[in-house]
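Novice: Only the shape, not the letters, is given here:
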DNA sequence: GTCTATACTTCGATAGAC
DNA sequence: GTCTATCGAAGTATAGAC
C-alpha cells in the first residue's frame, strides 16, 4: 500500500500531537466504536484541522495500527506484572472483562483489513501463550499435576469471560448468573 | 426515528425485489461485513438504481433489521429441528462454527444501534434457552443427573465454539488444537 | 415499481502556502 | 507543525415524473 511515491511529508514519531491523536483514537474506539475514528473527529476534538491526521499517519489504517500497538503493548506489560500474583487464574478471568470492547472493535477491523489482521494475530497468539503460562503457574503453586492442556484451559476461561462481556454490552444476560457461578470453581 | 412525516411511499412486504434485497444483504454481511451493505451496492448488484432501497426500507437500519429477522428466523427453525437428533450437544457445538461471521457482524452493529440491539437481545436470549434445553435432553437421553446448570453448559460450549470460529477468521490458531481436543469429552 | 434529479453530508487524500 | 484549498468518491435520503 505504502510504496508509491515517497514525496509525501510525514510527522516525526515522538511528536506530542501524534501521541494525543493515538490516545484519543484509542478512547473513541473503546467508547464509540471504530466508525467514530475519522480524521475530522480526531483533529477537531484536539482543536486542529483534519488534515493534521494525514500529516502524522498518511492513512487512517496506519493510525489504527499505531493504536493497536500502543493498546496491546500497555496490556502486555500489565498482564506480565499481574500474572505474578498468587491468583493468576483469577487475573486472566478478570482481564477478559476489562479490555473487551476495544478487542472486539479491533477484531471487527481485522476482519476487513489484511494489515490489521496480521497485527492482531501476532499479539493474540502471544497473549494466549502468556495466559497458558499463568495456568501452569497456578497449578504449580497448588501442587496440582495438570490433566488438561494449559493452552486449552486458558482458551476456555478467556473465551467465556470475553463472551460474557460482549453480551453484557448487548444487554443479553440469559444464563450469565449460572455461568459466572460455574466459573468460580 | 420513524414518526415524522407519513408522506413517504413504501413498498409492500411481499414484494419479490424486497426479498431479493434482503437475501443479498444477508450474503454481503456474511462475506464482506456490514460496511459492504450500502444502497448503491445492493441495488446495482440487482441491476437497479440505489433509490429503490429507500422505496422498500426507508432507512438502511430498517433493512438490517429485516435481514436479522430473516436470518435468525431461519436459524431458529433449523436449530429446532436438529436438536431432535440423538446428539444435541454436538449439534450446538457445530452450529457455533457455522453462523459465526454473520452473528459477529450483527453484534458489531448492535453495539452502535439501539434498535438493532433490542432486536438481537430478543433472539440471543431465546437461542440460549433452546441450547439449554438441548443440554437437558442430552443428559436425559443418557440418564445422567445434571451437576451443573444446563444454561451454563450451553453458554460455555457456544462461547468456545464461537470464539474458535472468530479467531480462525483472524488466522489466530494458538491453542485451538488443544481446545478442540478438550471439547470432545 | 422503478426511474431521474437533486440535496446535503462526510469521508480519505494530496499539494502547497505560511 | 499547522494551515488553506481542493479533489473525487461515496453515503443517506427526498420529491416527483413515468
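Specialist: Sure, I can see it. It should be emphasised that the depicted structure is a prediction, and the values quoted were computed from it without experimental measurement. Residues are numbered from 1 along each chain as shown, chains lettered A, B, ... in the order given.
Novice: center of chain A, which residue is that?
Specialist: residue A:103 (4.1 Å; CA atoms, centre = their mean).
Novice: got a list of what residue A:83 touches?
Specialist: Neighbouring residues of residue A:83 by CB atoms under 8 Å, 6 or more residues apart in numbering or on different chains: A:91, A:92, A:130, A:133, A:134, A:137. Heads up, the C-betas are built off the backbone N, CA and C, glycines and all.
Novice: just how off-centre is stretch A:175-185 within its chain?
Specialist: Here stretch A:175-185 is found 24 Å from its chain centre; the criterion is CA atoms, centre = their mean, to the nearest Å.
Novice: List the neighbours of it that are in contact with it.
Specialist: Defining contact as CB under 8 Å, 6+ apart, one finds that stretch A:175-185 is touched by A:93, A:157, A:160-161, A:164, A:167-168, B:128, B:132, B:148-149, B:151-152, B:154-156.
Novice: can you pull the buried residues of that stretch?
Specialist: A:175, A:176, A:178, A:179, A:182, A:183 (16 or more other CB atoms under 10 Å in any protein chain shown).
Novice: which SSE is the residue nearest to the centre of chain A in?
Specialist: Assigned by DSSP states H and E, residue A:103 belongs to helix A:100-112.
Novice: got the contact list for that helix?
Specialist: A:26, A:29-31, A:33-34, A:64, A:68, A:71, A:116-117, A:119-121, A:162, A:165-166, A:169, B:32-33, B:35, B:104-105, B:107-108, B:111, B:166, B:169-170.
Novice: Just the buried subset of those residues, please.
Specialist: A:26, A:29-30, A:33-34, A:64, A:68, A:71, A:116-117, A:119-121, A:162, A:165-166, B:33, B:35, B:104-105, B:107-108, B:111, B:166, B:170.
Novice: quick one: which of those residues sit in helices?
Specialist: Among these, DSSP state H puts A:26, A:29-30, A:64, A:68, A:71, A:116-117, A:119-121, A:162, A:165-166, B:104-105, B:107-108, B:111, B:166 in helices.
Novice: so which pair among the buried residues of stretch A:175-185 is furthest apart in space?
Specialist: Taking CB to CB, the two most distant members of the buried residues of stretch A:175-185 are A:175 and A:183; they sit 12.1 Å apart.
Novice: quick revisit: mind putting the buried residues of stretch A:175-185 into JSON lines with secondary structure, distance to residue A:97 and pLDDT?
Specialist: Converted to JSON lines, the buried residues of stretch A:175-185 look like this (DSSP: H, G, I helix; E, B strand; the rest coil; distance: CB to CB, whole Å; pLDDT from 0 to 100):
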{"residue": "A:175", "secondary structure": "coil", "distance to residue A:97": "16", "pLDDT": "97"}
{"residue": "A:176", "secondary structure": "helix", "distance to residue A:97": "12", "pLDDT": "97"}
{"residue": "A:178", "secondary structure": "helix", "distance to residue A:97": "17", "pLDDT": "95"}
{"residue": "A:179", "secondary structure": "helix", "distance to residue A:97": "13", "pLDDT": "96"}
{"residue": "A:182", "secondary structure": "helix", "distance to residue A:97": "16", "pLDDT": "92"}
{"residue": "A:183", "secondary structure": "helix", "distance to residue A:97": "11", "pLDDT": "91"}
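Novice: OK, contacts around residue A:26?
Specialist: By CB under 8 Å, 6+ apart, the contact list for residue A:26 reads A:67, A:70, A:71, A:102.
Novice: Mind doing that once more with 7 Å?
Specialist: The contact partners of residue A:26, by CB atoms under 7 Å, 6 or more residues apart in numbering or on different chains, come to A:67, A:70, A:71.
Novice: Out of the helices and strands in chain A, which is least certain?
Specialist: Least confident helix or strand of chain A, by mean pLDDT, DSSP states H and E, is helix A:88-98 with a mean of 83.
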